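Undergrad: build me a structure from this.
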Amino acid sequence: METQVVDWDDDDEFFEDNSKPIATLRIFSNKKLNQYEDQSLSQGIHTVGRDPGRDVVINHGSVSMDHAEIEITSEPERTCHVKDLKSTNKSRLIPLDAAPKVRVGKIAPLKPQVKYSLSDGQTVYFGRVECHFAWIKDTERDDAETEEEPEEEEEIGRAS
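TA: Below you'll find the predicted structure:
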């Protein structure tokens, strides 16, 4: 059996960088004072918890050491799911259509080990810590699509 020749010009997926941030989780340490930290999220599974070894560390007493997972995919389309890992103080997902001053304690906690869809602009609580999820706009792709112009072709072999 002969070795197959690879067409490197047609294999951009092979070199795709999955570590590029495609979403942000804004973690509020003090909502009243608007104090927060933005955590970049790339494609893959991100562990959330108080343990310093987690991908997303939230150092708050209401957050379990291994609290939740956030799973991000970008192919064929962007999706995000959150799953509670049987945490003591649970995770809560605020519906997008919820009243602005909804009481978090009135929102049912996520069932452990069940994936829930997390949408752009949605709020999730890990214990008593409020977090906002947002997709990062892919400006590079948007710019490339709007700036592309057809190349002019040269006429060859035409005498003047």
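Undergrad: next, count neighbours for residue 107.
TA: 16 (other Cβ atoms under 10 Å). C-beta coordinates here come from the backbone N, C-alpha and C atoms, glycine included.
Undergrad: is it true that it touches residue 94?
TA: Yes: with contact defined as Cβ atoms under 8 Å, residue 107 reaches residue 94; the gap is 6.1 Å.
Undergrad: tell me the residues that contact both of these two, please.
TA: Shared contacts of residue 107 and residue 94 (Cβ atoms under 8 Å, 6 or more residues apart in numbering): residue 125.
Undergrad: ok, the most centrally placed residue in the chain - contacts?
TA: Most central in the chain under Cα atoms, centre = their mean is residue 23, positioned 3.7 Å from the mean C-alpha point. When contacts are counted by Cβ under 8 Å, 6+ apart, residue 23 is found next to 40-41, 72, 78, 80, 133-136.
Undergrad: just those now: which is nearest residue 65?
TA: Closest to residue 65 out of those is residue 41 (20.0 Å), distances taken as Cβ to Cβ.
Undergrad: can you check the pLDDT for that closest one?
TA: We have a pLDDT of 97 for residue 41.
Undergrad: for this structure, which segments count as strands?
TA: With DSSP state E as the criterion, the chain has strands at 23-30, 35-41, 44-49, 56-57, 68-73, 79-84, 91-94, 115-117, 123-126, 129-135.
Undergrad: so how far is stretch 132-139 from its chain's centroid?
TA: Chain-centre distance of stretch 132-139: 8 Å, with Cα atoms, centre = their mean, to the nearest Å.
Undergrad: got the buried residues for it?
TA: 132-133, 135 (16 or more other Cβ atoms under 10 Å).
Undergrad: ditto for stretch 64-82
TA: Neighbour-count burial for stretch 64-82 flags 64, 66-72, 74, 80, 82 (criterion: 16+ other Cβ under 10 Å).
Undergrad: so which two of the contacts of residue 23 are the farthest from each other?
TA: 40 and 78 (14.6 Å).
Undergrad: run a quick neighbour tally on residue 41.
TA: By the criterion of other Cβ under 10 Å, residue 41 has 22 neighbours.
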